[in-house]
Structures are given as structure tokens and as C-alpha cells.
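Engineer: need coordinates for the following:
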Amino acid sequence: MDTANLTAFLAVAKSGSFSQAADMLHLTQPAVSKRIATLEHQLGARLFDRIGRHISLTEAGRALLPRAGQVLQTLEDTRRALSNLSSKVEGRLVLGTSHHIGLHRLPPVLRQFTSRYPDVALDIRFLDSEVAYDQVLHGEIELAVITLAPTLDEPIVARHIWDDPLDFVVSPEHPLADYGSVTLSELGRFPAVFPGPSTFTHRVVSRLFQREEVVPQISMTTNYLETIKMMVSIGLAWSVLPRTMVDEQVTPLTVANGDISRQLGCIWHSGRTLSNAGRAMVEMLQTDG
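Structural biologist: A predicted model of the protein is given here:
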């Protein structure tokens, strides 16, 4: 069974579209259709139902889906393990990271890494931390440098690299800006803009308010920290931002019982053999972080 056919099957199953799968694989749509047809012939079963433009997995397709991913992952792990027999650090390293970490934390590490290991082709993917976590979990990327989840379970392995203090912030013109110190209850009387509810940062901040039995007035949410900073700076709401982002556009507040921080680090799948490049990246992050 040709692994290229399995790859095409997974791409169509994930995207729900032959044309989108073709774009993902840098192939023509007829080439993808041919690979699916060949796979269906080899298995003696139809894998997709095609009703107009709508595509859905058949029962056989649903049965194949997890097995196809396992087969490709096993082959990739085998290739990586054999490659690791050589001490050379080379090949392709797929690294996921959040925009914030990619802009504020990673550049010095990546600069040193590319200088020390010029034979490694870095494939850096900018993703929300939660999306990167999910892609590591499903074997789509080898490593991710992200905001760590408050709780981490097997099969994810994590290494804490940086503490990332968070500051409560308002615009310089906000009524709270002139307070010497505020309480969480006082914050709760004013509108807030929070990171999206699915984000690890939202969970960290929410736990602080739950502990103090305060319900914040969340008027809006967004996953983008730069957008949060903009909305705070124009006086729409208060929020929390990484200390590295605080400048003259916003005013940090002193909040009683409000010390809060998140952890940044790298994660990988415990069942996946890290490449030499992946191991070198983890080592460099731990050394230089």
C-alpha cells in the first residue's frame, strides 16, 4: 500500500474537499482523486460518499481514518529512529509556536540554532497554543513552544522554559489608572476584555477570579494579545497582558492578591521519537531559556 495514497486519504478526510486536499499536498485535484481511487481499489471498499459537492467518510473510511494515521506515524518514527543512529543534526524540523512567543521569546534561540545547525530546515508554524498542543497530540508537528496548559496529561511531555508574568492593565485615562492599588472586586465592576475562553491564558486568569469568588464583566474576548492591547489602550476595558508587552500605551495596576503568571515551554508526544534536530532544539531551549 503506497503511503502517498494514505496521505491523500487523510488530507481529504481532514479538509472535506478534494480541491483543498490538492492544495495542501501541492498536487492537482485529478492526482488526488486518482490516489483515492487506487486506495479504494486496493482495499476493496469505498472510502468517501460524494453527494454533489459534499464529501463524507463512509463506514469503511471512518474505520481506516485512525489506522492510516497510525501507519504513517509508525513509518515516520521508524525513519526518524534510523536517522538518529547518525549523530548528525539535519533534516526538517516542524516547530509550532504562538505568535507572542515567536515574536518575544524565540528569535535569539532560533538565531543561535540556525547558526549552529545549518543543515536543519526549520518549518515554523504560527498557531494558537491550544491548536499547537492539539497538533502535537495528533502527531502533526514534532515540537511546539507554547503557553503551557495549567494541567498536562500523558501522552504530552512538557519542559518549562520561561515564567511569563502577567500584568493587569488599563489605558492611562481609565478611572482605575489613578488608584494606588485595586482589588479584584473593584476590577469586577468595570468591563474587561479577556483572552478567548478556549485559551490556556483564559484558564489561568479565570482561576484567580474563581479563587476570590469574583465574576469579571467580560465584555469581549479575542485570542490575539495585540488586539487586547489595542482595546485596552483606547479605554474600552481592562485586561491582562504579558509584562513584556507593557509600555506607555497602557498603565499596569497593582492588584491585591493579583500576582499571576503563566508558564511557557516546549512540548512533544511521548510516543514519538524525537529527531536529532528536535532533541537539539529542546536542549538549546533549556540551556538558553
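
Engineer: what is the burial count for the residue nearest to Val157 when sequence neighbours are not counted?
Structural biologist: Spatially, and ignoring its direct neighbours in sequence, Val157 is nearest to Ser270 (4.9 Å; Cβ to Cβ, 6 or more residues apart in numbering). For the C-beta atoms, the positions are set from N, CA and C on the backbone; glycine is no exception. Per other Cβ atoms under 10 Å, the neighbour tally for Ser270 reads 9.

Engineer: surely Ser270 meets Glu154?
Structural biologist: Yes - the pair Ser270 and Glu154 qualifies as a contact (Cβ atoms under 8 Å) at a distance of 6.3 Å.

Engineer: one step back: and the residue nearest to Val157, how far from Gln70?
Structural biologist: 15 Å (Cβ to Cβ, to the nearest Å).

Engineer: mind giving me the packing neighbours of the helix or strand where Thr38 lies?
Structural biologist: With the criterion set as DSSP states H and E, the secondary-structure element containing Thr38 is helix 29-43. Using 3 or more Cβ pairs under 8 Å, 6 or more residues apart in numbering; DSSP states H and E as the contact criterion, the neighbours of helix 29-43 among helices and strands are helix 3-15, helix 18-25.

Engineer: number of residues surrounding Pro191?
Structural biologist: Under the criterion other Cβ under 10 Å, the count of neighbours that Pro191 has is 14.

Engineer: so what's it bridging to?
Structural biologist: Gln217 (DSSP bridges).

Engineer: check contacts around it.
Structural biologist: Applying Cβ atoms under 8 Å, 6 or more residues apart in numbering, one finds that Pro191 lies in contact with Gln217, Ile218, Ser219, Leu236, Ala237, Trp238.

Engineer: which of those has the most neighbours?
Structural biologist: Ranked by the number of neighbours (other Cβ under 10 Å), the contacts of Pro191 place Trp238 first, at 28 neighbours.

Engineer: which non-adjacent residue is nearest that residue?
Structural biologist: Once its chain neighbours are removed from consideration, Trp238 has its nearest residue in Val170; the separation is 4.6 Å (Cβ to Cβ, 6+ apart).
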